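Enquirer: Here is the input, now give the coordinates:
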Amino acid sequence: MQPADEQFEALFYQYQQSICSYLARLTGDLARAQELTQETFLRAYRALAAGQQWQNPRAWLYRVASRLAANDYRRRKLLRWLRLRDDDPAPGPGLSTSAAERLSFQAALVTLPPKYRMPLVLVMSGYRVAEIAAMLSLSNSAVKMRLSRGREMFRQAYEGETK
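Expert: Now for the predicted structure:
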């Protein structure tokens, strides 16, 4: 096994689950999140094979995942102009209240533009402002502003979803 392969394997086992969880929250679709996770790690493998090294590999991986999710969002938004059917799950009688709340939460979260959704999801995952700033290539003040605006947008979307 070459050193790049060993580095990649270590990165993959250390960060794959957290990157996939992050992308699942951003996209609201586990299958799409898995595809984006695969693309994130494919880019990491190519970069390592080309000899690229990072001071903070976790921040690099989150930055790549965030950009992939933002690009995916833009692409899907363009394709959404003709809605063929309503895919939004409606809480039915078989769902528990907590499951219905989770669906409402996720539905409200995915309505936010990615630039506001990303910092919110990272905060919910336990990252600090400075870490989020490094992951998203933003200043601390930009992260704080996006969190503030994102929280307000989420609150409005969630209240509209639960009424």
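
Enquirer: okay, now the domains of the chain?
Expert: Domain assignment for the chain, taken from automatic domain parsing, gives 1-81, 95-163.

Enquirer: Compare these and say which comes out lowest on pLDDT.
Expert: Per-stretch mean pLDDT for the domains of the chain is lowest at domain 95-163 (a mean of 85).

Enquirer: what's the helix or strand for Arg46?
Expert: Per DSSP states H and E: Arg46 is located in helix 30-49.

Enquirer: could you point out which element follows that helix?
Expert: Downstream of helix 30-49 (by DSSP H and E), the next one is helix 57-79.

Enquirer: and that next one, what does it pack onto?
Expert: helix 3-27, helix 30-49, helix 114-124, helix 129-136 (3 or more Cβ pairs under 8 Å, 6 or more residues apart in numbering; DSSP states H and E). For the C-beta atoms, the positions are set from N, CA and C on the backbone; glycine is no exception.

Enquirer: how much does it deviate in direction from helix 129-136?
Expert: Here helix 57-79 runs at an angle of 60 degrees relative to helix 129-136 (axes from the mean of the first three to the mean of the last three Cα atoms, to 10 degrees).

Enquirer: Make 17 the starting number, not 1.
Expert: I'll keep to 17 as the first residue from here, and by that count the last item is helix 73-95.

Enquirer: now helix 73-95, how far from the centre of its chain.
Expert: 7 Å (Cα atoms, centre = their mean, to the nearest Å).

Enquirer: List the buried residues for it?
Expert: 73-86, 88-89 (16 or more other Cβ atoms under 10 Å).

Enquirer: go on, stretch 44-60?
Expert: Buried residues in stretch 44-60 (16+ other Cβ under 10 Å): 44-45, 48-49, 52-53, 55-57, 59-60.

Enquirer: burial measure for Gln172, as a count.
Expert: Applying other Cβ atoms under 10 Å, we find 13 residues neighbouring Gln172.

Enquirer: Wait, Tyr38 touches Tyr143, no?
Expert: No - judged on Cβ atoms under 8 Å, Tyr38 makes no contact with Tyr143 at a distance of 9.6 Å.
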